[in-house]
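# here is the input, now give the coordinates:
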Amino acid sequence: MEIQAPEPAASDGASRRIILRIASGAVAALACVYVVLILLHPDREGFQLWVAGFAGAIALFSGWVAWGIGKPDQRRLMAGGCRGATLVGGIGFIGGFVGPILLMPEANQGPLLGIFITGPLGLIIGLLLGITVAAVRRP
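Below is the predicted model:
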């Protein structure tokens, strides 16, 4: 009598997608609440508006993942957006973090440029560029 290993369930990828959709929906909802709270606060400053814009971008992308991950075309656009965001955001972060250290070593707040300005801007620009390139390129 031979014992056979059970075959993997065909819905393993589907269950991962469901978990990702639930998590992305939760992130989108929390980011939307955060944006609304910042915008409704009477004493908001310029930096808080930057944070609200970044949280809004996160909310839009997370909502897109939550509601569009089942379609192959949407997955291709999401993958392109993630690649672009990682590449351009990483370059922006490293350039903004290391550049001021190399150019002005006596400035103690130089790396904050990469953390708060060039990294997030590179992430958003890379996301938009990646989605655009993936949309133009047809498989």
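# tell me the contacts of Leu121?
By CB atoms under 8 Å, 6 or more residues apart in numbering, the residues touching Leu121 are Gly92. In this view, the C-beta of every residue, glycine as well, is placed from N, C-alpha and C.
# ugh, wrong one, Ala28
Ile58, Ala59, Leu60, Ser62, Gly63, Ala66.
# got those as CSV, with pLDDT columns?
Shown next, in CSV, are the contacts of Ala28 (pLDDT from 0 to 100):
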residue, pLDDT
Ile58, 82
Ala59, 86
Leu60, 84
Ser62, 84
Gly63, 85
Ala66, 82
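# nearest to Leu113 among those?
Ile58 (20.8 Å; CB to CB).
# wait, that closest one touches Cys32, no?
No - counting by CB atoms under 8 Å, Ile58 stays clear of Cys32, with 9.6 Å between them.
# show me what counts as buried in stretch 58-78.
Ile58, Ala59, Phe61, Ser62, Gly63, Trp64, Val65, Ala66, Arg76, Leu77, Met78 (16 or more other CB atoms under 10 Å).
# closest one of these to Pro42?
Using CB to CB, the buried residues of stretch 58-78 come closest to Pro42 at Ala59, 22.2 Å.
# quick check: that closest one vs Phe97, distance?
Counting by CB to CB, to the nearest Å, the separation of Ala59 from Phe97 is 26 Å.
# repeat for Arg44
When distance is defined by CB to CB, Arg44 is 27 Å away from Phe97.
# between those two, which one's more packed in?
Phe97 (17 against 14; other CB atoms under 10 Å).
# could you report the pLDDT at that one?
Note for Phe97: predicted pLDDT of 93.
# so which helix or strand takes in it?
Assigned by DSSP states H and E, Phe97 belongs to helix 72-103.
# which helices and strands does that helix pack with?
Packing partners of helix 72-103 (3 or more CB pairs under 8 Å, 6 or more residues apart in numbering; DSSP states H and E): helix 46-68, helix 112-113, helix 119-136.
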